[in-house]
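Colleague: quick check, what structure comes out for this input:
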Amino acid sequence: MGASTQKTFLITGVSSGLGCTFAEGALAAGHRVVGTVRRETDAEAFAASARDRAFPLVLDVTDYGAIVTAVADAERRAGAIDVLVNNAGYGHEGVLEESSIDDLQRQFAANVFGPVAMMKAVLPGMRERRRGDIVNVTSMGGFITMPGISFYCGSKFALEGISEALGKEIAEFGIRVTALAPGQFRTNWAGRSMDRTPRSIADYDAVMDPIRAARHAKSGNQPGDPARAAQALLALVNAENPPVRLFLGEDALGLVDQKLDAMRDEIKAWDALSRSTSFAA
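Modeller: Prediction:
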């Protein structure tokens with residue numbers, strides 16, 4: 001499809017953050033957007049943003065049982081979904097030892113299970129039409145890691161792996177899958193949107209105190225421009241051959257390069273032991 005073709009986007013979590021700017025960018029480019037929100041007031045505001053092309057969908061992506069019906073209703077109102085953008089989610093900050101299994105389950109419910117349920121809802125139609133784009137918003141934390149966000153990184157690593165494997169399953173149907181991995185963008189991710197486990201073990205103070213202080217200081221001052229991320233999303237879905245994953249931001253690229261170098265060095269250093277486990281010839 002060419003750049004001028006009108007598409008119907010389904011974007012989760014359009015009331016704030018990157019989801020909001022993704023929706024604004026798609027609407028400004030002339031597309032139709034179904035946007036999920038969790039409150040009626042947000043639904044009204046979204047509908048008013050483009051009366052004939054903005055279709056609010058009141059839906060919590062962790063309510064898996066409601067998703068298939070909700071997506072079918074959205075398609076009746078807005079047309080078949082051409083592009084699914086799994087954006088809804090949040091960050092959990094907390095030392096693993098201090099954080100609960102409930103914290104982990106909530107993190108995966110929003111960041112992994114919800115996106116998978118959304119993909120399962122749109123895939124039958126995309127497969128029948130033999131076209132479609134699925135963009136799963138992951139994070140640079142789905143490839144690199146940082147202390148204090150182990151549950152978040154785990155959820156994004158999971159979504160990255162699911163995205164890559166799914167892309168291989170459905171490529172023959174003309175459906176493309178990309179993991180979109182932002183670095184630090186000027187949203188509320190590190191502010192009011194983040195779930196923080198209270199500190200309780202003094203041994204972790206030396207690790208966590210500087211991390212929390214730095215994250216608070218950066219909130220609202222991140223280098224990434226959400227509006228430019230929205231333009232990158234549009235370029236991605238209009239590309240003839242979109243990538244398996246696309247990192248956004250110089251910070252993300254720099255940290256990824258560091259990890260790749262460290263991985264190569266470590267693999268080389270342990271090469272002999274890695275190769276020692278095969279049956280003797």
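Colleague: how about A232, secondary structure?
Modeller: Under DSSP: H, G, I helix; E, B strand; the rest coil, A232 falls in the helix class.
Colleague: now it: how far from D257?
Modeller: 19 Å (CB to CB, to the nearest Å). To be clear about C-beta, it is placed using only N, CA and C from the backbone, and glycine gets the same treatment.
Colleague: so which of the two has more stuff around it?
Modeller: Between A232 and D257, A232 has the larger neighbour count (other CB atoms under 10 Å), namely 16 against 12.
Colleague: spatially nearest residue to the more buried one (excluding sequence neighbours)?
Modeller: Beyond its immediate neighbours in the sequence, the residue positioned closest to A232 (CB to CB, 6 or more residues apart in numbering) is L248, lying 5.9 Å away.
Colleague: quick one, longest strand in this structure?
Modeller: When every strand of the chain is counted residue by residue (DSSP state E), the longest turns out to be strand 175-182.
Colleague: what's the helix or strand just after that one packed up against?
Modeller: Counting by DSSP states H and E, the element after strand 175-182 in chain order, helix or strand, is strand 195-196. Packing partners of strand 195-196 (3 or more CB pairs under 8 Å, 6 or more residues apart in numbering; DSSP states H and E): strand 92-93, helix 101-108.
Colleague: give the contact list for the nearest residue to R53 once chain neighbours are set aside.
Modeller: Distance criterion CB to CB, 6+ apart; nearest residue to R53, sequence neighbours excluded, is R32 at 4.6 Å. Taking CB atoms under 8 Å, 6 or more residues apart in numbering as the contact definition, R32 lies against Q6, K7, T8, F9, R53, A54, F55, A78, G79.
Colleague: between those, which sits nearest R106?
Modeller: Taking CB to CB as the measure, R106 lies nearest F9 of the contacts of R32, at 26.7 Å.
Colleague: now the helices for the protein?
Modeller: Using DSSP state H, the helices found in the chain span residues 17-28, 40-49, 64-78, 101-108, 114-129, 150-170, 205-218, 226-238, 250-269, 271-275.
Colleague: kindly state the pLDDT recorded for G2?
Modeller: Each residue has a pLDDT score; the one for G2 is 42.
Colleague: pull out the buried positions in the helix or strand of the chain with the lowest mean pLDDT.
Modeller: The weakest-scoring helix or strand in the chain, judged by mean pLDDT, DSSP states H and E, is helix 205-218 (a mean of 84). Burial within helix 205-218, assessed by neighbour count using 16 or more other CB atoms under 10 Å, is assigned to M208, I211, R215.
Colleague: nearest residue to the second one in space, please, no chain neighbours.
Modeller: Spatial nearest neighbour of I211, excluding adjacent residues (CB to CB, 6+ apart): G148 at 4.8 Å.
Colleague: just confirm the one you found contacts V95, I think it does.
Modeller: Yes: in this structure, G148 is within contact of V95 by CB atoms under 8 Å, at 6.4 Å.
Colleague: who touches both of those two?
Modeller: Counting by CB under 8 Å, 6+ apart, the residues touching both G148 and V95 are V207, M208.
Colleague: before we move on, the earlier item: in JSON lines: the helices of the chain, plus distance to G142.
Modeller: Output for those, formatted as JSON lines (distance: least, CB to CB, whole Å):
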{"stretch": "helix 17-28", "distance to G142": "15"}
{"stretch": "helix 40-49", "distance to G142": "27"}
{"stretch": "helix 64-78", "distance to G142": "22"}
{"stretch": "helix 101-108", "distance to G142": "13"}
{"stretch": "helix 114-129", "distance to G142": "12"}
{"stretch": "helix 150-170", "distance to G142": "3"}
{"stretch": "helix 205-218", "distance to G142": "18"}
{"stretch": "helix 226-238", "distance to G142": "16"}
{"stretch": "helix 250-269", "distance to G142": "10"}
{"stretch": "helix 271-275", "distance to G142": "25"}
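Colleague: got the contact list for the residue lying closest to G30 once chain neighbours are set aside?
Modeller: Counting by CB to CB, 6+ apart, G30 lies nearest to Q6, which is 5.8 Å off, once chain neighbours are set aside. The neighbourhood of Q6, defined by CB under 8 Å, 6+ apart, consists of G30, H31, R32.
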